[in-house]
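# I'd like to go over a predicted model; first the sequence, then the structure.
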Amino acid sequence: MTWPPDLTHFDSQIVAAIAGIFLLIAGRRLFWLVLAVAGFAAGTILASRLPLELDQGWSIAVAILCGLGGLLVVKLARRLAVPLLGILGGGLGALYLVQSTAFAPETAPWLAFGVGALFGLFLSTLLVEAALIVFSSLIGASTLLTPFDLQGPTAGLAFLALTLIGVAIQSRGWKK
């Protein structure tokens with residue numbers, strides 16, 4: 001299980017960087033995009049972990065279906081959308097941080113995702129607006145960093161810096 005997903009095609013790298021920038025700057029207002037990107041990322045991870053060996057076309061199809069599932073949740077069940085964003089944002093953010101450190105034993109990715117998901121669910125149910133800002137920034141930072149394939153402490157520091165920048169930008173427009 002790796003996050004961010006491996007994007008080897010140049011066009012997909014550009015799309016990932018642009019989506020990451022949009023999520024960092026306006027993720028709270030582009031809530032539907034946040035869940036679509038988070039769903040796609042979760043689908044990419046899911047496709048890589050299925051017991052079946054899927055070729056790249058099927059893996060992309062699974063990821064797209066999960067992204068569309070995120071959009072469907074936004075449209076049909078708004079009350080479930082914020083907790084789902086908390087789960088995905090917290091889990092993917094924690095996973096990115098664990099993978100950018102030297103500490104990454106075989107069980108750490110699932111444990112990191114689980115702990116981050118629980119924290120995300122808790123935060124999203126208590127502080128809806130703040131959660132939208134934080135989780136869209138987490139997902140935006142990890143999506144933006146995807147094309148650069150940073151490793152080690154550099155990846156962790158870049159991830160934290162971009163997340164903080166995203167929170168600062170989005171918080172300026174937030175009316176409390």
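On my side now, so go ahead. Numbers count the residues shown, from 1 in each chain.

# phi, psi of Asp149?
phi 50, psi 50 (degrees, to the nearest 10).

# count of residues packed around it?
Residues lying near Asp149 (other CB atoms under 10 Å) number 11. Where C-beta positions appear, they are placed from N, C-alpha and C, glycine not excepted.

# try Thr125
Counted with other CB under 10 Å, the burial measure for Thr125 works out to 12 neighbours.

# now the one 3 residues further on
The tally of other residues near Val128 (other CB under 10 Å) stands at 13.

# and it, what does it touch?
Neighbour list for Val128: Val82 [criterion: CB atoms under 8 Å, 6 or more residues apart in numbering].

# report the contact partners of Val74.
If you count contacts by CB under 8 Å, 6+ apart, Val74 has them with 31-32, 35, 81.

# now render those residues as JSON lines, adding distance to Leu72, pLDDT and secondary structure.
Listed next are these as JSON lines, based on distance: CB to CB, whole Å; pLDDT from 0 to 100; DSSP: H, G, I helix; E, B strand; the rest coil:
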{"residue": "Phe31", "distance to Leu72": "14", "pLDDT": "71", "secondary structure": "helix"}
{"residue": "Trp32", "distance to Leu72": "10", "pLDDT": "73", "secondary structure": "helix"}
{"residue": "Leu35", "distance to Leu72": "9", "pLDDT": "75", "secondary structure": "helix"}
{"residue": "Ala81", "distance to Leu72": "10", "pLDDT": "77", "secondary structure": "helix"}
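
# can you tell me the element the residue nearest the centre of the chain falls in?
The centre of the chain sits closest to Ile139, judged by CA atoms, centre = their mean, with a distance of 3.4 Å. With the criterion set as DSSP states H and E, the secondary-structure element containing Ile139 is helix 128-145.

# what's the spacing between the next helix-or-strand element following that helix and its chain's center?
Moving toward the C-terminus from helix 128-145, the first helix or strand encountered (DSSP H and E) is helix 152-172. Using CA atoms, centre = their mean, to the nearest Å, we find the averaged C-alpha position of helix 152-172 to lie 13 Å away from the chain's own average C-alpha position.

# and helix 152-172, which residues are buried?
Neighbour-count burial for helix 152-172, counted by 16 or more other CB atoms under 10 Å, picks out 155-156, 158-159, 162-163, 166-167, 169-170.
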